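Peer 1: got a predicted structure here, sequence first:
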Amino acid sequence: MPRANRHFIAGQVWHITQRCHQKEFLLRFQVDRRRWLYWLYQARRRYGLSVLNYIVTSNHIHLLVHDGGNNAIPAAMQLVSGRTAQEFNKRQGRTGAFWEDRYHATAVQTDQHLSRCMAYIDLNMVRAGEVSHPEEWSCSGYHETKHPRRRGSRIDMEGICRLLNFETPEQLMVARESWIDDQLCNGNLQREGMWTDSVAVGNLEYALWMKRALAYSNPGRRARPEKSGSFAVREQMSSYCTIGSTITA
């Protein structure tokens, strides 16, 4: 079976997705989702991981991170995914795989595509019909930024503001709430496969640049237009889609 993509280029923002083994709801209990969050916090502390957004659902996770060139992402994902699986199996007396293969990574251009990707992650559980507003799902970056933690913060607010050109976190939150409200009011909640099935998402110039930058590993990738007006770099056959095209609700 093909393996999910995870080719990293320094300086990019990456949308990482990973699903539980065989679509099982292994993260359905709050205690298990919070253990994943605990190890995400540890990954930020140990490796300097810049976390821009996240959500932990009952059977998969979304994680938006910025690669500052310190090669933190592979080590961080090994820690978070590995420890979450080990603890769950030990607590449940379970053996076998916890995750569905390895994680998938999609590069996201740091312009309006980044803000759209953040909103797409925020609205995941609304699309799934579990909540009516992102704030209602506590295991998410949106909830954390609305209710800042005195200790154990995972979100890199300074990093988000810098990438999206906001002067203060307060300005960022006002804009973020408007992105959410616009999509809720317009009923724009459909799944957009480009965020999880492709290798890179951005405008045409960015997509072509990423296609060339990643050509060494797979010259068969193509940059193609999406319905939203964006361009996505995809494989001839999306390996992650083959593994599980329903990672997001």
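Peer 2: Looks like it arrived, so ask away.
Peer 1: surely residue 76 touches residue 41?
Peer 2: No: with contacts counted by CB atoms under 8 Å, residue 76 stays clear of residue 41, the gap being 10.8 Å. Placement of C-beta: from N, CA and C, glycine included.
Peer 1: which of the two has more neighbours?
Peer 2: Neighbour comparison, residue 76 and residue 41: the larger count goes to residue 76, with 24 against 17 (by other CB atoms under 10 Å).
Peer 1: quick one: contacts of the helix or strand that contains the more buried one?
Peer 2: Using DSSP states H and E, residue 76 falls within helix 72-92. Helix 72-92 is contacted by residues 6, 8, 14, 16, 18, 26, 32, 35-36, 39-40, 42-44, 46-50, 65, 67, 94-99, 103, 105 when judged by CB atoms under 8 Å, 6 or more residues apart in numbering.
Peer 1: show me what secondary structure element comes after that helix.
Peer 2: Per DSSP H and E, the first helix or strand lying C-terminal to helix 72-92 is strand 104-108.
Peer 1: report the contact partners of residue 214.
Peer 2: Applying CB under 8 Å, 6+ apart, we find residue 214 in contact with 7, 9, 199, 200, 221, 233.
Peer 1: do you know how far it is from residue 105?
Peer 2: Plainly put, residue 214 is 11 Å away from residue 105 if you go by CB to CB, to the nearest Å.
Peer 1: quick one: neighbours of residue 34, just the number.
Peer 2: 14.
Peer 1: show me where the protein has helices.
Peer 2: Secondary structure of the chain by DSSP state H: the helices cover 30-47, 72-92, 112-122, 124-127, 141-146, 157-164, 169-186, 194-197, 204-213, 239-244.
Peer 1: average pLDDT across the first one?
Peer 2: The average of the pLDDT scores along helix 30-47 is 97.
Peer 1: how about that helix: buried residues?
Peer 2: 32-33, 35-44, 47 (16 or more other CB atoms under 10 Å).
Peer 1: any idea which of these is closest to residue 155?
Peer 2: Distance to residue 155 across those (CB to CB) is lowest for residue 44, with 9.0 Å.
Peer 1: do I have it right that that closest one meets residue 152?
Peer 2: No: using CB under 8 Å as the test, residue 44 is too far from residue 152 to be in contact (9.6 Å).
Peer 1: next one: stretch 110-124 to chain centre, how far?
Peer 2: How far stretch 110-124 lies from its chain's middle: 10 Å, per CA atoms, centre = their mean, to the nearest Å.
Peer 1: of the contacts of residue 214, which belong to strands?
Peer 2: With strands taken from DSSP state E, the overlap with the contacts of residue 214 comprises 200, 233.
Peer 1: of the contacts of residue 214, which one scores lowest on pLDDT?
Peer 2: Taking the contacts of residue 214 together, the minimum pLDDT is found at residue 7 (67).
Peer 1: who touches stretch 140-158?
Peer 2: When contacts are defined by CB under 8 Å, 6+ apart, stretch 140-158 is touched by residues 37-38, 40-41, 44, 50-56, 64, 66, 118, 121-122, 125, 134-135, 137, 169, 172-173, 176, 180.
Peer 1: now it: buried residues?
Peer 2: 140, 141, 142, 144, 145, 154, 155, 156, 157.
Peer 1: what does stretch 205-225 give?
Peer 2: Residues of stretch 205-225 classed as buried: 206, 207, 209, 210, 211, 214, 221, 223 (neighbour count, 16+ other CB under 10 Å).
Peer 1: can you check stretch 88-102 too?
Peer 2: By 16+ other CB under 10 Å, the buried positions in stretch 88-102 come out as 88, 98, 99, 100, 101, 102.
Peer 1: closest one of those residues to residue 186?
Peer 2: residue 100 (32.0 Å).
Peer 1: which regions of the protein sit below the pLDDT cut-off?
Peer 2: 1-7, 216-220, 236-249 (pLDDT under 70).
Peer 1: distance check, the residue of it positioned farthest from its centre against residue 215.
Peer 2: Seen from the C-alpha centroid of the chain, the residue lying at the greatest distance (CA atoms, centre = their mean) is residue 93, 29.3 Å away. Residue 93 sits at a distance of 47 Å from residue 215 (criterion: CB to CB).
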